[in-house]
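Engineer: Below are the sequence and a predicted model for it; my questions follow.
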Amino acid sequence: MTFRTAAAAIVVPLAVGAVLTGGAATPSAQSQTTFSEHVAPIVFANCTTCHRPGEAAPFSLLSYRDARPLAKAIASATASHVMPPWKAGPSDYPFDNARRLTDDQIATIQKWVADGAPEGNPAKTPALPRFTEGWQLGTPDLAVTMNEPFDVPASGPDVYRNFVVPLNLDRDVWVRAIDFRPSARAVVHHSLFFLDTTGAARARDADDPAPGFPGGMGGGRVVGQGRGVAAILGNGDANAQADGVARAAGLGGWALGGRALELPSGLAFFVAKGSDLILSTHFHPSGTAQHERSSVGLYFASGPPTQAFTAVQLPPVFGVFEGLDIPAGQERYTITDSFVIPVDVRAFAIGAHAHYLAKAFTLKATLPDGAVKTLLSIADWDFSWQERYRFKEFVSLPKGTRLDATVTYDNSAANKRNPSRPPVRVYWGEESTDEMGSIGMQVVTANRGDLPQLQQAIAAHIRERAFTGPGLRQLLQRRGAARGAQ
Ligand code: HEC
């Protein structure tokens with residue numbers, strides 16, 4: 001949702017709310033639900049990370065005065081699970097960073113509004129939470145800042161921009177955590193981190209006069225010049241990079257309201273000396289022009305990780321081999337992929353990626369005993385809320401578990417996020433008006449020595465999709481057709 005539609009959406013309930021809540025009869029004192037006692041604890045714990053000055057949410061919720069005129073909108077946004085924003089639906093394995101109100105909390109807010117949104121005794125209001133200013137995990141081992149600020153216009157469409165931040169590392173390092181600090185918090189929606197050891201991102205930056213270069217994927221140039229496809233195979237894969245093959249690798253990212261990206265203890269990202277960090281940032285204009293100059297803090301592990309991890313991405317390479325060809329107007333277009341895990345693994349994080357037409361994602365695991373478990377389900381994908389979901393505890397997936405991934409797109413005019421009006425035929429591609437789609441899950445092998453076997457199976461699966469999927473033929477044909485038309 002854009003800022004303008006969000007603002008429009010709250011104006012109406014505000015007016016209605018003022019009439020409804022203001023005129024409500026006052027129930028007996030004992031049963032009354034008040035802001036100070038009942039609602040503030042919920043709002044302070046779940047909303048103020050974003051709804052405070054300088055953050056990207058469009059208004060603050062730090063006091064009764066802030067919340068009272070928005071009571072109706074708060075009740076409706078929480079009941080519909082639009083707020084707090086959290087796109088993952090029910091999963092069989094809880095996430096540790098879940099932003100989801102309980103049914104009781106939602107009911108409390110409803111009751112507060114029904115009671116006339118009273119303040120109650122201000123003395124009972126809990127203290128505001130303390131927000132860590134500065135680096136969330138203490139002083140980083142290496143802090144870097146964008147070379148020059150990027151101008152974000154006051155208005156207009158969202159901006160996607162990639163920035164090359166040289167790390168100037170003269171030795172290889174292992175990184176256990178990454179924190180991200182935007183300078184213009186009000187306009188930075190999320191930023192994905194990539195590593196580039198090829199210099200490709202620097203070259204693209206040099207081609208474009210303004211700071212950075214446009215596009216959605218940063219260092220992860222997936223297809224195209226030369227070793228493009230190889231580039232992404234190392235995504236999140238600590239060991240695969242040790243062979244010295246130059247490639248871009250994803251490190252995860254930061255999203256509005258998010259925390260520093262920290263790996264489970266004993267795990268670390270490999271960062272080769274000479275790597276550039278690529279920040280692939282999504283900006284949401286806020287009404288005033290802003291200059292963004294992000295800083296990133298890297299926290300080094302004390303030594304090599306005790307265990308290596310890898311990513312299982314389904315379908316692989318963001319779906320490039322699946323031959324995405326979504327007819328204009330088609331309401332339901334689905335791609336699927338399956339993979340049988342050859343060794344015992346333990347999963348610790350999961351995330352999805354696609355552009356605007358994607359609607360739903362699921363990743364299910366069929367365990368060797370036949371039990372079917374949901375690892376991730378997103379019913380209402382929103383490109384604005386890219387989240388890396390961390391499992392509360394490692395999820396054990398025994399050898400022989402089958403993973404089934406499904407990505408569904410809606411290319412009809414009814415999809416309010418469809419960037420094309422009227423809808424147009426859409427293929428796989430890196431522009432945000434193209435599509436892609438996959439679910440990535442980060443895992444360690446239960447037995448350290450099994451990692452190569454898992455990596456070989458993943459590589460074999462990628463080859464299988466590359467040779468049997470329609471995607472590469474389609475890309476070549478389209479490229480040939482484009483050349484023929486010149
Ligand atoms: C992770 C950041 C974040 C958190 C946490 C969050 N909000 Fe929001 N909120 C936003 C942003 C950003 C918008 C603007 C619309 C958008 O981008 O989706 C918004 C918009 C709203 C709106 C406007 C209505 C709408 O549908 O857009 C309401 C009401 C709201 N938030 C209430 C809440 C309440 C109540 C909570 C806590 C229970 C909360 N928010 C938690 C970021 C957040």
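Structural biologist: Good, I have the coordinates.
Engineer: contacts, neighbours, all on C-alpha from now
Structural biologist: Noted.
Engineer: for the stretch 1-150 of the chain, what are the low-confidence residue spans?
Structural biologist: 1-30 (pLDDT under 70).
Engineer: What are the structural domain limits within this structure?
Structural biologist: Following automatic domain parsing, one gets these domains for the chain: 3-124, 142-300, 309-485.
Engineer: right, and the helix or strand after the helix or strand where V165 lies?
Structural biologist: Per DSSP states H and E, V165 falls inside strand 159-166. As assigned by DSSP H and E, the chain's next helix or strand after strand 159-166 is strand 173-181.
Engineer: quick one: average pLDDT of that next one?
Structural biologist: For strand 173-181, mean pLDDT rounds to 92.
Engineer: Direction included, what does the following helix or strand past it pair against?
Structural biologist: Remark: after strand 173-181, the chain's next helix or strand is strand 188-196, criterion DSSP H and E. Its sheet considered, strand 188-196 pairs with strand 248-255 (antiparallel), strand 276-283 (antiparallel) by DSSP bridges.
Engineer: Show me what the helix or strand that comes right after the first one is packed up against.
Structural biologist: By that I understand strand 248-255. Using DSSP H and E, the helix or strand that follows strand 248-255 towards the C-terminus is strand 261-262. If you count contacts as 3 or more CA pairs under 8 Å, 6 or more residues apart in numbering; DSSP states H and E, strand 261-262 packs onto strand 173-181, strand 248-255.
Engineer: and those as TSV, adding mean neighbour count?
Structural biologist: Converted to TSV, those look like this (neighbours: other CA atoms under 10 Å):
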stretch	mean neighbour count
strand 173-181	22
strand 248-255	24
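Engineer: of those, which approaches the ligand most closely?
Structural biologist: Closest approach to the ligand among the helices and strands packed on strand 261-262 is made by strand 248-255 (7.8 Å; CA to the nearest ligand atom).
Engineer: In CSV: the strands paired with strand 188-196, plus distance to P305 and mean pLDDT.
Structural biologist: Output for the strands paired with strand 188-196, formatted as CSV (distance: least, CA to CA, whole Å; pLDDT from 0 to 100):
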stretch, distance to P305, mean pLDDT
strand 248-255, 16, 66
strand 276-283, 21, 89
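Engineer: In a markdown table: these, plus distance to the ligand.
Structural biologist: A markdown table is the format used below for the strands paired with strand 188-196 (distance: least, CA to the nearest ligand atom, whole Å):
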| stretch | distance to the ligand |
| --- | --- |
| strand 248-255 | 8 |
| strand 276-283 | 11 |
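Engineer: out of those, which comes closest to F361?
Structural biologist: strand 248-255 (18.7 Å; CA to CA).
Engineer: So which residues of the chain form helices?
Structural biologist: Ranges of helices within the chain are 3-23, 40-46, 64-67, 71-79, 103-114, 200-207, 228-233, 451-468, 471-485, based on DSSP state H.
Engineer: so I278 sits right up against T197, yeah?
Structural biologist: No - using CA atoms under 8 Å, I278 is not in contact with T197, being 10.4 Å away.
Engineer: who's more crowded, those two?
Structural biologist: In this view I278 and T197 are compared by other CA atoms under 10 Å, and I278 has more residues nearby, 30 against 22.
Engineer: Among the domains of the chain, which comes closest to W135?
Structural biologist: Of all the domains of the chain, domain 142-300 comes closest under CA to CA, at 6.9 Å.
Engineer: returning to that earlier point: out of the helices of the chain, deepest packed?
Structural biologist: Ranked by mean neighbour count, the helices of the chain are led by helix 71-79 with a mean of 21 (mean count of other CA atoms under 10 Å).
Engineer: packing partners for that helix?
Structural biologist: For helix 71-79, the packing partners by 3+ CA pairs under 8 Å, 6+ apart are helix 3-23, helix 103-114.
Engineer: Who are the packing partners of the last one?
Structural biologist: Spelled out, that is helix 103-114. Using 3+ CA pairs under 8 Å, 6+ apart: helix 103-114 touches helix 71-79.
Engineer: what is the orientation angle of the helix it packs on with helix 103-114?
Structural biologist: Put simply, helix 71-79 runs at 160 degrees to helix 103-114, going by axes from the mean of the first three to the mean of the last three CA atoms, to 10 degrees.
Engineer: send the alpha carbons of helix 71-79 over as CSV?
Structural biologist: Backbone C-alpha positions of helix 71-79 (Å, rounded to 0.1, in the frame of the first residue of the first chain) are rendered in CSV as follows:
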residue,chain,number,x,y,z
ALA,A,71,-8.9,4.3,17.7
LYS,A,72,-11.3,3.0,15.0
ALA,A,73,-8.4,2.6,12.4
ILE,A,74,-6.3,0.8,15.0
ALA,A,75,-9.2,-1.6,15.8
SER,A,76,-9.8,-2.3,12.1
ALA,A,77,-6.1,-2.7,11.1
THR,A,78,-5.4,-5.0,14.0
ALA,A,79,-8.6,-7.1,13.6
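Engineer: Taking the stretch 101-250 of the chain, what residue is nearest to the ligand?
Structural biologist: L101 (6.8 Å).
Engineer: Identify the residues contacting that residue.
Structural biologist: Contact partners of L101, counting by CA atoms under 8 Å, 6 or more residues apart in numbering, are N46, T78, P84.
Engineer: any chance of those in TSV, with distance to H355 too?
Structural biologist: Below are the contacts of L101 laid out as TSV (distance: CA to CA, whole Å):
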residue	distance to H355
N46	27
T78	25
P84	21
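Engineer: Return only those of these found close to the ligand.
Structural biologist: When CA under 6 Å from any ligand atom is applied, the members of the contacts of L101 adjacent to the ligand are N46, T78, P84.
Engineer: Surely the last one and A98 touch.
Structural biologist: No - no contact is recorded between P84 and A98 when judged using CA under 8 Å, the distance being 9.7 Å.
Engineer: So which of those two has more stuff around it?
Structural biologist: P84 (19 against 16).
Engineer: So the more buried one versus S91, what's the distance?
Structural biologist: When CA to CA, to the nearest Å is the yardstick, P84 and S91 sit 18 Å from each other.
Engineer: Same question for Y160.
Structural biologist: In terms of CA to CA, Y160 sits 31 Å off from S91.
Engineer: What is the nearest of the contacts of L101 to E431?
Structural biologist: Once CA to CA is applied, the member of these that ends up nearest E431 is P84, at 28.7 Å.
Engineer: List the residues that contact the closest one.
Structural biologist: Neighbours of P84 in contact, by CA under 8 Å, 6+ apart: N46, C47, T78, R99, R100, L101.
Engineer: show me what contacts the spatially most central residue of the chain?
Structural biologist: Geometric centre of the chain, nearest residue: Q386, 1.9 Å, by CA atoms, centre = their mean. With contacts defined as CA under 8 Å, 6+ apart, the neighbours of Q386 are H190, A255, G351, A352, H353.
Engineer: returning to that earlier point: out of the contacts of P84, which is nearest to the ligand?
Structural biologist: When the contacts of P84 are compared against the ligand (criterion: CA to the nearest ligand atom), the nearest one is C47, at 3.4 Å.
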